[in-house]
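Student: Structure, please.
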Amino acid sequence: MKICFLSTSNSIHSYKWVSYFANIGWEVIWLSTSENKFQSVKGLTFYKLRTPFVLSLLDARRIIKATDPLIVHAHYVGKYGLLGSLSGLKPLIITAWGSDIIFGGKHFFKRPLIKYILHKSKLITCDANHMKNAMIKLGVNAEKIKIILFGVDTKKFFPKKNKSNELQKLTNNFLVLSVRNFEPVYNVKSLIFAANLVLSKYPDTEFLLAGKGSLKPQLQALVKKLKLQKNIRFSGHISSENMPELYNSADICVSTSLSDAGIAGSTAEAMACGVPVIATETGENNLWIENDINGFLVPPDNFEKLAERIITLIESPANRKQFGINNVAKIHNNNSYQTEMTKMRVIYEKI
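Tutor: Next up is the predicted model:
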């Protein structure tokens, strides 16, 4: 089977998807406008498309014509979805990632383009029912939409008892971890304000912000203004290979996002590593996180409630342990990367 993917090459989600099919012996062509920073995989051929969009389209059409894949699969109903819809090859599969539908579908100018891209596709996947419903409201036939999760590689993300890696020896104090990026939608400033409240009661608590993004200077300035530099650290880039050790170093993992589609990949990975989680009440987080069972949900942008829940977990080591056990079971049973990619393989073969 030969398949062509159109997607960003700076996201681990894209890499996990394309590398899976290369690893099972398929011939995979990967087209992206960004540089590929991931390791090469046998059977995977990467092409960097030129920019701006007109040049990207010319490159995509030329490469797709020359390589002649059986299927084109575009990730994100935006630039890559449009490239796929104009590529000249059918069938086209589109995967919606979240904000492309949640926000773009409501945008006056973007909405017609999104409807066009969805209409051109033979099949659409997404990872949440509320996204499916949003696309149905845009006129998409429900039978055309399949729920496929990005999934967690539980062979890579699992609890580790011994902290032998230097990355795991980050601190002997209680460690709160956030791996959401420094962009407005992820609202990391809310965690900084919550940290200020937590530290007034538990001054030895440490917070590690392992994201990246345009708001980093502003967030660093806020930490300095609140005089929290001793307790809040910015880790810089953490490679995907080191992420399991990072999760295993944490006592809890926090997501302050103002919007999620299905459960965020980082939250699911933390759960697979046996870490209690606190997340905002957005998207379908309520289907994955139950209060007092495997973590807590808090209202978006409510740092007082977030601080309260962090303090609850600091004071409840027995609950943290049980929440972690429950999280591992939840991910193994419902969000396995291998299971979800097997579902996708069946869909490709039927098409």
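
Student: Every contact and neighbour count from this point should use C-alpha atoms.
Tutor: Will do.

Student: Output the contacting helices and strands for the top helix by length along the chain.
Tutor: What stands out as the longest helix in the chain, according to DSSP state H, is helix 317-334. When contacts are defined as 3 or more Cα pairs under 8 Å, 6 or more residues apart in numbering; DSSP states H and E, helix 317-334 packs onto helix 265-272.

Student: Can you say which helix or strand has Ile310 in it?
Tutor: If you go by DSSP states H and E, Ile310 is part of helix 303-314.

Student: average pLDDT across the longest helix of the chain?
Tutor: Averaged over helix 317-334, pLDDT sits at 97.

Student: Poorly predicted segments of the chain, please.
Tutor: Across the chain, residues meeting the criterion (pLDDT under 70) sit at 105, 162-170.

Student: Off-centre distance for the longest helix of the chain?
Tutor: Put simply, helix 317-334 sits 20 Å off its chain's centre (Cα atoms, centre = their mean, to the nearest Å).

Student: neighbouring contacts of that helix?
Tutor: 152, 154, 158, 251, 268, 271-276, 288, 292-295, 313 (Cα atoms under 8 Å, 6 or more residues apart in numbering).

Student: go again using 7 Å as the cut-off
Tutor: For helix 317-334, contacts defined as Cα atoms under 7 Å, 6 or more residues apart in numbering pick out 268, 271-276, 293-295, 313.

Student: Same question for stretch 86-105.
Tutor: 60-61, 71-78, 81, 84, 110-111, 114, 121-126, 131, 260-261.

Student: Can you list the residue ranges for strands in the stretch 1-150 of the chain?
Tutor: For the stretch 1-150 of the chain, the strands defined by DSSP state E, counting those that start in this stretch occupy 2-6, 27-32, 44-48, 71-75, 92-95, 123-126, 145-147.

Student: Nearest to His237 among these would be which one?
Tutor: Minimum separation from His237 across those (Cα to Cα) falls at strand 27-32, 21.4 Å.

Student: ok and the closest one relative to strand 44-48, angle-wise?
Tutor: 20 degrees (axes from the mean of the first three to the mean of the last three Cα atoms, to 10 degrees).

Student: Tell me the buried residues in stretch 187-203?
Tutor: Residues 187-199 are the ones in stretch 187-203 that count as buried (16 or more other Cα atoms under 10 Å).

Student: Sitting in helices, which of the residues you listed do you find?
Tutor: If you go by DSSP H, the buried residues of stretch 187-203 have 188-199 in helices.

Student: which of those residues lies closest to Glu27?
Tutor: Closest to Glu27, out of all of those and judged by Cα to Cα, is Val188, at 39.8 Å.

Student: Identify the residues contacting the helix holding Ile310?
Tutor: 190-191, 193-195, 197-198, 298, 320.

Student: Pro233 sits in which helix or strand?
Tutor: Rather than Pro, residue 233 is Arg. strand 232-234.

Student: Pairing partners for that strand, with directions?
Tutor: As defined by DSSP bridges, the strand partners of strand 232-234 come to strand 206-209 (parallel).

Student: Tell me, how many residues neighbour Gly104?
Tutor: By other Cα atoms under 10 Å, the residues close to Gly104 number 18.

Student: of the contacts of stretch 86-105, buried ones?
Tutor: Among the contacts of stretch 86-105, those scoring as buried are 60-61, 71-78, 81, 84, 111, 114, 121, 123-126, 131, 260-261 (criterion: 16+ other Cα under 10 Å).

Student: So for the chain, which residue is the most central one in space?
Tutor: In the chain, the C-alpha nearest the mean C-alpha coordinate belongs to Gly265, at 3.8 Å (Cα atoms, centre = their mean).

Student: what's the spacing between that residue and Phe157?
Tutor: Distance from Gly265 to Phe157, counting by Cα to Cα, to the nearest Å: 11 Å.

Student: Ser200 too?
Tutor: Ser200 is 33 Å from Phe157, by Cα to Cα.

Student: swap in Lys48?
Tutor: On the measure of Cα to Cα, Lys48 and Phe157 end up 30 Å apart.

Student: Which one of these two is surrounded by more residues?
Tutor: Taking neighbours as other Cα under 10 Å, Lys48 and Phe157 compare with Phe157 leading, 21 against 16.

Student: My guess is that one contacts Asn242. True?
Tutor: No - using Cα atoms under 7 Å, Phe157 is not in contact with Asn242; the gap is 10.4 Å.

Student: Now the common contact residues for those two.
Tutor: Taking Cα under 7 Å, 6+ apart as the contact rule, Phe157 and Asn242 touch no residue in common.

Student: got a list of what Ile192 touches?
Tutor: Residues in contact with Ile192 (Cα under 7 Å, 6+ apart) are Val223.

Student: And it, how far from Ala221?
Tutor: With Cα to Cα as the criterion, Ile192 and Ala221 are 11 Å apart.

Student: Leu306 now?
Tutor: Distance from Leu306 to Ala221, counting by Cα to Cα: 21 Å.

Student: Tell me the secondary structure at Gln338.
Tutor: helix (DSSP: H, G, I helix; E, B strand; the rest coil).

Student: From here on, call the first residue 463.
Tutor: Renumbered: residue one is now 463, and that last one reads Gln800.

Student: Count the neighbours of the nearest residue to it once chain neighbours are set aside for me.
Tutor: Take Gln800 and drop its neighbours on the chain: the residue closest to it by Cα to Cα, 6 or more residues apart in numbering is Asp615, 6.9 Å away. Residues lying near Asp615 (other Cα under 10 Å) number 18.

Student: cool, and Ser561?
Tutor: The number of residues packed around Ser561, counting by other Cα under 10 Å, is 17.
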